[in-house]
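Novice: missing the sequence, but the structure's below:
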DNA sequence: GTGAAAGCGCTAACAC
DNA sequence: GTGTTAGCGCTTTCAC
C-alpha cells in the first residue's frame, strides 16, 4: 500500500508537496499539481485516514445515536429514510457515519462517551425521543456538537433541532377545507403524549379559530394509530350529533379506517366528506380512494439535520437553532 | 485533554508502561497496574483512537453496506433488528459500526473503495441483494474480509454468508401437519425470484416427498406479499378441486388474507384447516386467530453475521463458510 | 513555489 | 518489570 512518501519519491517532489496537492493548496503551481495528481492516479494512492485523523485531530466521523429498544420510534420506514438523508450529506462532506445504540456499553462506559472521548466522532445526531437533560449535559461537557431530530420535549436546555412543521401541516389542510366552504371539520388525531401529535392538533385549532370557529368536541378524537381505531371512531363521529363535511386525519394508518367508515355509511368522498391525512406518499396511494395528504419529506429531515450538525462542527459557537421543514399538501382523490 | 504522556508523568512511569497497562500486558506488575489505573481514572483519560488506529494500522471499524434504493430489502423492521444484532457484537469487540449506502460517491469514487483504501474499515457486512460478482472481486482485491447476510445468489465465487434456514423452516412446519395426519397441505408462497422464497417452497416439497406425497398443483400458489393476494388465492384454492386441511404460508402479510378467506368460507381454524405462517412474532399476534409461525431470529442473524466477520478479520485465511440459523415453530391459535 | 523537519498519540522492539 | 526510542502517515511551520 503506497503512502505519501512513495508518491513523493515517484513524483520527484517532497511529501509536503504531495500533501499540499491533495489538499489543493493555492501555493502549488498548476504544473506540479497536474504532475503529482497523475502520479497519485497511476499509483492508485489513497491517503490513510487514520494518519489524517491523528494529525488533524479530527475523526471525520459523525454518529447517529439510536435507541433500538424504542420500537415505536424507529422500527419503521421513516427511520430508514432519515438515515438515508443523513448518510447522503455526511458522505458529501467526506465524513463517515457511525451508528450506535444508546444502551450499548463498551468497557462498562456508555458508547457515546467512548466514541466522544476516544475522539472517534465529531458530532452526534439523535432523535428527540432519547434527548433528556442528562444526555444534553453529557454532550455539552464533552463539547461535542449535536442536533436533535424532532423538536425537543423533555429538555429545558436550548439545543439545536429540526422537525417537520406539524402544526403548519394540519393548519394548511384545515385552511384548504375552510376555503372550500366546509365548516364541520373533524379531527382524528393521535394521543397527545407525543409532541408532534399535539402540534398537529394545534394546527387544526389554529386554522379554525382564525375563521372564528370553535372546534366542536364531538368532531375531535384522539387514539392510537391503527386502522381499526380509525374506522371505529369515524363511525362514532358519523353517528354523532354533527355530520362532518371534512376530516383531518393526523396519521395514515388511521385514514384507512376512516375512509372505510365513510364508505360504509354510503357517503361520497370527497363530495359529502373530504379527507386529508398526514404522512408519506407510499402508503397513501394504497388506500381507496387514494387519500390526499400533508406530505412530509423525511429524507430532507435527515439531510438537513446533518447539515445543521456540520454547521456546528465547523463553528462551535454558533447559536442553537430550531428548524421546521415545511410540508406540502398532495391532492389525491379524497 | 490528557494524553498518554500526561498520565505517565502523573503516575511517575514511562508512557510504554501506561500503554502496557491499558492493554493489560502480563509483563507489568500488579502494583504498577493498580497505580496506573488509578491515575487513569482520576485524570479521566481515554486513549485517542485515531493514534491507536494509526499505530496499529487498524481502524477498529466495520461497515454495514446497504442499498437504500432497494426499498423491498430494507424498508422494514427486519433491517433494524439485523442492524441491532450487528451493532451489539461490534461494540462488544470495541469496534464501531459504519453505515454506508452502496450508491454513495465520495470524490467520485464509490464509498466502499473510499472506506477500504482509506483504511477506514476493516470488514464489510452486506446483504446478499447487493452482492454481485463485481463487488466480490472488488473486496477480494482489497483484501478486506466480508460476509453476506443472506445466501448469495448472483455470485459464483465462494463467499461467507449467513441466512435463516428457510428450507428447514417450511419443511418442519409441513412435517408437523403430516404428523397430525393432514395430507392436503396447501402452500402459499412468494414469487420465486428471490432465493429465500424458493427455499421455503423446497422445504414444503421435501417434507411431502419424504412421505411419498407429490404436491398437488392446485394447492400451490406463489404471489406478491399482500394481504389481498393471500385472501384472493386462498379463496381460489378453497373453491378448487381439493379442499386443503392445512396451509403453509410463506409470508405473514399473506397469512392475514389467508385467514380471512378461510373464515369467510365458514371453515374452522384449526379444526378444518390449520395454518402456519412464516416470520416474526410481532405481526403474527395481530391476526385473528393469532397465527402459528415459523419464527426467525433476525437479531441473531445480525449478531452472527458480525461474529462471522470478526472471525475472518482475526484470521484472514479462514475458509469461507455458510451458516444457516435454525427457525422455531411457535404454536398459536391456528 | 517547494523542501526539511517536527509533531500528532500511541505501540513495540530492544535494552537493561 | 520497566524505560528508551523509533516509527505509523500525515500536516504544517519555517526556511529558502
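Specialist: Here it is on my side, so go on. Keep in mind that this is a model prediction, so the values were computed, not measured. Numbers count the residues shown, from 1 in each chain, chains lettered A, B, ... in the order given.

Novice: And the strands in the stretch 101-250 of chain A, which stretches?
Specialist: A:105-106, A:109-110, A:123-127, A:146-149, A:161-164, A:185-190, A:220-223, A:246-249 (DSSP state E, counting those that start in this stretch).

Novice: Whatever helix or strand comes next after the last one vs strand A:185-190, what angle?
Specialist: Toward the C-terminus, strand A:246-249 is succeeded by helix A:252-264 as the next helix or strand (DSSP states H and E). Taking axes from the mean of the first three to the mean of the last three Cα atoms, to 10 degrees, one finds helix A:252-264 and strand A:185-190 inclined to each other by 140 degrees.

Novice: quick one on the thing from earlier: of the strands of the stretch 101-250 of chain A, which is nearest residue A:264?
Specialist: Closest approach to residue A:264 among the strands of the stretch 101-250 of chain A (Cβ to Cβ): strand A:246-249, 14.4 Å. The C-beta positions use only the backbone N, C-alpha and C, and glycine is treated the same way.

Novice: Contacts only, for the residue most central in space within chain A.
Specialist: Compute the mean C-alpha point of chain A, and by Cα atoms, centre = their mean the closest residue is residue A:301, 3.3 Å away. When contacts are counted by Cβ atoms under 8 Å, 6 or more residues apart in numbering or on different chains, residue A:301 touches A:81, A:82, A:85, A:149, A:162, A:163, A:164, A:325.

Novice: Kindly indicate which of those lies nearest residue B:253.
Specialist: residue A:81 (20.9 Å).

Novice: out of everything not next to it in sequence, what's closest to that closest one?
Specialist: residue A:298 (4.2 Å; Cβ to Cβ, 6 or more residues apart in numbering or on different chains).

Novice: Pull up the gap between the one you found and residue A:325, please.
Specialist: 9 Å (Cβ to Cβ, to the nearest Å).

Novice: list residues touching both of those two?
Specialist: Taking Cβ under 8 Å, 6+ apart as the contact rule, residue A:298 and residue A:325 both touch residue A:164.

Novice: For the two, work out which one has more neighbours and name it.
Specialist: residue A:298 (22 against 19; other Cβ atoms under 10 Å in any protein chain shown).

Novice: can you give me phi and psi for that one?
Specialist: Dihedral pair for residue A:298: phi -70, psi -30, per degrees, to the nearest 10.

Novice: Next, residue A:278: phi, psi?
Specialist: Backbone torsions for residue A:278, taken as degrees, to the nearest 10, come to phi -130, psi 140.

Novice: And for it, the neighbour number?
Specialist: Residues near residue A:278, counting by other Cβ under 10 Å, number 27.

Novice: swap in residue A:93?
Specialist: Look at residue A:93: counted by other Cβ under 10 Å, it has 16 neighbours.

Novice: Would you check that it makes contact with residue A:309?
Specialist: No. Contact between residue A:93 and residue A:309 fails when scored by Cβ atoms under 8 Å: they sit 9.8 Å apart.

Novice: what helix or strand does residue A:85 sit in?
Specialist: Using DSSP H and E, residue A:85 falls in helix A:77-92.

Novice: angle of that helix against strand A:123-127?
Specialist: 170 degrees.

Novice: Could you pull out the buried residues of helix A:77-92?
Specialist: Within helix A:77-92, the residues scored as buried using 16 or more other Cβ atoms under 10 Å in any protein chain shown are A:77-91.

Novice: ditto for stretch A:244-263
Specialist: Neighbour counts over stretch A:244-263 (16+ other Cβ under 10 Å) mark A:244-262 as buried.

Novice: go on, stretch A:100-111?
Specialist: A:100, A:101, A:102, A:104, A:106, A:110, A:111.

Novice: Check these one by one and keep those near chain B.
Specialist: For chain B, the contacts drawn from the buried residues of stretch A:100-111 by Cβ under 8 Å from any Cβ of the partner chain are A:100, A:101, A:104, A:106, A:111.

Novice: residue contacts, the last one?
Specialist: When you say that, I think you mean residue A:111. Neighbour list for residue A:111: A:65, A:100, A:101, A:102, A:104, A:105, B:91 [criterion: Cβ under 8 Å, 6+ apart].

Novice: Pipe those into JSON lines and attach distance to DNA strand C and pLDDT per row.
Specialist: Shown next, in JSON lines, are these (distance: Cβ to the nearest atom of the strand, whole Å; pLDDT from 0 to 100):
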{"residue": "A:65", "distance to DNA strand C": "24", "pLDDT": "95"}
{"residue": "A:100", "distance to DNA strand C": "21", "pLDDT": "95"}
{"residue": "A:101", "distance to DNA strand C": "25", "pLDDT": "93"}
{"residue": "A:102", "distance to DNA strand C": "25", "pLDDT": "92"}
{"residue": "A:104", "distance to DNA strand C": "22", "pLDDT": "91"}
{"residue": "A:105", "distance to DNA strand C": "20", "pLDDT": "91"}
{"residue": "B:91", "distance to DNA strand C": "18", "pLDDT": "95"}
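
Novice: near DNA strand D too, which of those residues?
Specialist: For DNA strand D, no contacts are drawn from the contacts of residue A:111 by Cβ under 7 Å from any atom of the strand.
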